[in-house]
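K.L.:
Please find the sequence and the predicted model below.
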Amino acid sequence: MLATVIGGMGFGLMVNPPGGVWESVDCGSKSTVCTTAGTAVLGDDDSMRPLYLGMLFSSIISFSASMSLILLLVSGLGLRNRFVIAVMKFLMIVAVLCVSAAFFCTMAMIHPTLPYIRIAYLGIWGILAIVVLVLYGIRLIFPKPETRMGA
C-alpha cells in the first residue's frame with residue numbers, strides 16, 4: 001500500500017509542480033524568459049533551478065522505485081526468496097528517501113526565506129538516512145542465522 005501512495009505522490013508532483021505551470025506562451029520583448037504553456041514556472045527560474053532539478057529527479061526515482069516494487073509484488077515472484085525480499089526492501093528505502101528529498105527541495109523552493117527549517121530537516125533526515133542504510137547494509141552482509149523449529 002505504501003508503494004501505491006508514494007507512486008501517487010510522485011505522479012502528482014510531476015503533473016502539478018510547485019509554483020504551477022505557465023498558462024500561455026510568452027516570448028515578448030518584455031519577457032526575459034521565453035515561456036511555454038504547460039511547463040513549470042519554477043523550472044524556468046535560474047535561482048531555483050538546482051532545487052527544481054533535485055525535486056524532479058527525486059520524484060522520478062521515488063516513482064520508479066515504487067512502481068518497480070508494485071510490479072514485483074504483482075508478478076508473484078517468490079516472496080520466500082531472500083533476494084527478492086532484499087530487492088523489495090531496498091526499493092522501499094529508496095522510494096521513501098527520495099520522497100523525503102523531493103519534499104525538501106519543494107519546501108526550499110516554496111519557502112526560500114526560512115533556512116533554519118531546511119537545516120533542521122536536513123540534519124534529521126540525513127542522520128536517519130545514514131542510520132537506516134548502514135543498518136540495512138549490515139543486515140544484508142551479516143544475515144541472522146536461521147533457527148529450526150523442533151530441532
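P.N.:
Great, that's in hand.
K.L.:
The chain: helices as residue ranges?
P.N.:
Assigned by DSSP state H, the chain shows helices spanning 2-15, 49-75, 82-110, 115-141.
K.L.:
For the third one, name the packing helices and strands.
P.N.:
Right, helix 82-110. For helix 82-110, the contact count by 3 or more CB pairs under 8 Å, 6 or more residues apart in numbering; DSSP states H and E identifies helix 2-15, helix 49-75, helix 115-141 as packing neighbours. Yep, even glycine has a C-beta here, placed from its N, CA and C like the rest.
K.L.:
what's the shortest one packed up against?
P.N.:
What that stands for is helix 2-15. Contact here means 3+ CB pairs under 8 Å, 6+ apart; on that basis helix 2-15 packs against helix 49-75, helix 82-110.
K.L.:
Can I get those in JSON lines including mean neighbour count?
P.N.:
Shown next, in JSON lines, are these (neighbours: other CB atoms under 10 Å):
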{"stretch": "helix 49-75", "mean neighbour count": "18"}
{"stretch": "helix 82-110", "mean neighbour count": "18"}
